[in-house]
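Peer 1: What follows is a predicted structure for the sequence shown.
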Amino acid sequence: MQQMAASNPDAIRRFAHITVLHFDVLTRVIDDLLIPNTMRRIASVLHRASWLQSRSIPISQEALGGMANASRKQVNAALAKFAQEGWITTSYRTIEVTDGGALLRFARND
């Protein structure tokens, strides 16, 4: 990094930008895990995952449960509710977020 910064003065700003982005993600992860309601926590984790990757998230229910500190049974119930509301669609090991705003509003209890 020092060599890159020495040869390109803009590199240090780019490194700082990457650091800030990672801090934003880390803050969101902590914020998600502090949500006491499991359904809302799962909604927030799904929103974050779609924000980081794309609307289509290649993830199993078990992995989503690990990210949200929830059981597979809780994840299954949440996904069924979110699909019924039209916020997501599910297929084998894939969740597509169709209404990220609604997930976030639900997660934040708006």
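Peer 2: Noted; the coordinates are in hand. Residues are numbered from 1 along each chain as shown.
Peer 1: Go ahead and flag the most central residue of this protein.
Peer 2: residue 48 (2.1 Å; CA atoms, centre = their mean).
Peer 1: That one sits in which helix or strand?
Peer 2: helix 38-52 (DSSP states H and E).
Peer 1: what about that helix, distance to the chain center?
Peer 2: 5 Å (CA atoms, centre = their mean, to the nearest Å).
Peer 1: swap in stretch 64-77?
Peer 2: Using CA atoms, centre = their mean, the offset of stretch 64-77 from its chain centre is 13 Å.
Peer 1: Quick check: end-to-end length of that stretch?
Peer 2: Using CA to CA, to the nearest Å, the span of stretch 64-77 from its first residue to its last is 13 Å.
Peer 1: one step back: for the next helix or strand along the chain from the helix holding residue 48, name the packing helices and strands.
Peer 2: Downstream of helix 38-52, the next assigned helix or strand under DSSP H and E is strand 56-58. With contacts taken as 3 or more CB pairs under 8 Å, 6 or more residues apart in numbering; DSSP states H and E, strand 56-58 sits against helix 38-52, strand 94-97. (Each C-beta comes from the backbone N, C-alpha and C, glycine too.)
Peer 1: quick one: strands adjacent to strand 56-58?
Peer 2: According to DSSP bridges, strand 56-58 forms sheet pairs with strand 94-97 (antiparallel).
Peer 1: what does the strand it pairs with contact?
Peer 2: 46-47, 49-50, 55-59, 64, 79, 87-90, 103 (CB atoms under 8 Å, 6 or more residues apart in numbering).
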